[in-house]
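**Q** pasting the sequence and the predicted model now:
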Amino acid sequence: MRSDTPIQKYVSAGDHQICLHEWAGEGPTFLLLHATGFHGRVWDYIIKHFPGRHVIAWDMRSHGMSENAALPKLWTDLGEDLFAVVKELGLKQVYGVGHSCGGHLTILAAAKFPELYQNILLLDPVVFPKPLLPIFKNIADQDHPVARRRNQWSNVGEMYERFKDRKPYNSWLPEILQDYCQHGLIETEQGEGYQLACPPDAEAEVYRTCYGDHIYPLLDSVTVPTTVVRARRRKPDEPLHDFSPSPTWELLAENMPNAKDIYVPDHTHFLPMENPDAVLNMMVQMERGEEIRWQGNGAILKDM
């Protein structure tokens with residue numbers, strides 16, 4: 001029986017090390033890429049309910065257990081880290097699942113390595129509507145509120161209690177919020193208390209560098225079956241720094257040669273944390289070669 005606790009391995013990506021969490025299993029690999037500010041262990045709940053599969057979830061640079069590295073100038077720098085992982089492990093014909101920034105990087109890797117994926121699932125990927133890109137670029141040089149995140153905690157329980165009743169965390173499954181807190185903190189160098197594994201200034205810089213237009217010319221080259229899941233649209237009174245609405249271009253799937261679009265207006269950008277069962281369903285459907293659908297209401301496709 002597969003252990004619910006992964007092993008960690010490290011891959012060199014230039015001058016820094018990328019941490020990979022690996023669960024042993026059979027069949028094609030599932031490669032899971034997390035959102036900015038998160039880490040690979042936010043997938044634990046889904047993986048626990050997906051036994052027997054070989055799964056790899058990475059920690060992006062300066063996230064989780066990966067080394068802090070030079071702040072990216074564009075997300076193509078993060079893509080180079082992923083390319084190093086793909087080359088080192090010799091990955092081919094895997095199932096790709098990417099949330100937010102992880103969805104963006106999944107597209108970059110699919111364009112770079114045509115044989116890497118056999119099917120990809122993009123969960124509210126950060127690919128902005130092209131007409132709005134200049135607006136987003138204009139705010140890139142502004143101070144990002146994430147840089148002011150609280151960075152000192154006495155323990156995991158304190159972080160969980162502070163977040164559990166606050167947006168956006170109050171809509172998450174409690175077990176996933178617990179994983180987010182438990183694996184998102186590291187001991188301070190002084191050994192007194194804990195700090196965020198992803199430093200606030202690093203997280204803010206990732207957000208400030210997400211407005212490049214490099215991804216649009218690559219969309220035509222992603223020919224593997226692709227499912228784009230979009231969360232609810234932004235409301236007129238919501239500020240640009242509110243992360244709850246979808247950042248995904250509504251025409252993204254239309255601009256990819258083998259993609260379908262699924263719109264879930266009753267979920268926020270954090271849909272994998274709000275309804276992991278629906279994501280699990282889609283992963284099972286990918287594996288079975290079935291039509292990929294959003295089956296909400298917590299219904300799990302039993303596949304034990």
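**A** Yep, it's here. Everything numeric here is computed off the predicted structure, so don't read it as measured data.

**Q** can you show me the helices along the stretch 101-250 of the chain?
**A** 101-112, 133-138, 156-163, 174-182, 200-208 (DSSP state H, counting those that start in this stretch).

**Q** dump those to a markdown table, plus distance to Ala35, mean neighbour count and mean pLDDT.
**A** C-beta here means a position set from N, CA and C on the backbone, and glycine is covered the same way. Shown next, in a markdown table, are the helices of the stretch 101-250 of the chain (distance: least, Cβ to Cβ, whole Å; neighbours: other Cβ atoms under 10 Å; pLDDT from 0 to 100):
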| stretch | distance to Ala35 | mean neighbour count | mean pLDDT |
| --- | --- | --- | --- |
| helix 101-112 | 5 | 24 | 98 |
| helix 133-138 | 17 | 13 | 74 |
| helix 156-163 | 15 | 15 | 97 |
| helix 174-182 | 11 | 18 | 98 |
| helix 200-208 | 10 | 20 | 85 |
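
**Q** can you give me the offset of stretch 148-165 from its chain's centre?
**A** Here the centre of stretch 148-165 is set off from its chain's centre by 21 Å, with Cα atoms, centre = their mean, to the nearest Å.

**Q** could you dump that stretch to CSV, C-alpha only?
**A** What follows is stretch 148-165 as a C-alpha-only set of coordinates in CSV (Å, rounded to 0.1, in the frame of the first residue of the first chain):
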residue,chain,number,x,y,z
ARG,A,148,3.4,43.0,3.5
ARG,A,149,2.1,39.5,4.5
ARG,A,150,2.7,38.5,8.1
ASN,A,151,5.9,36.4,8.1
GLN,A,152,6.3,35.4,11.7
TRP,A,153,4.3,32.7,13.5
SER,A,154,4.6,30.9,16.7
ASN,A,155,3.3,27.6,15.3
VAL,A,156,1.2,26.0,12.6
GLY,A,157,-1.9,26.1,14.7
GLU,A,158,-1.7,29.9,15.1
MET,A,159,-1.5,30.4,11.3
TYR,A,160,-4.4,28.0,10.8
GLU,A,161,-6.6,29.7,13.4
ARG,A,162,-5.9,33.2,11.9
PHE,A,163,-6.7,32.1,8.3
LYS,A,164,-9.7,29.7,8.7
ASP,A,165,-12.3,32.4,9.0
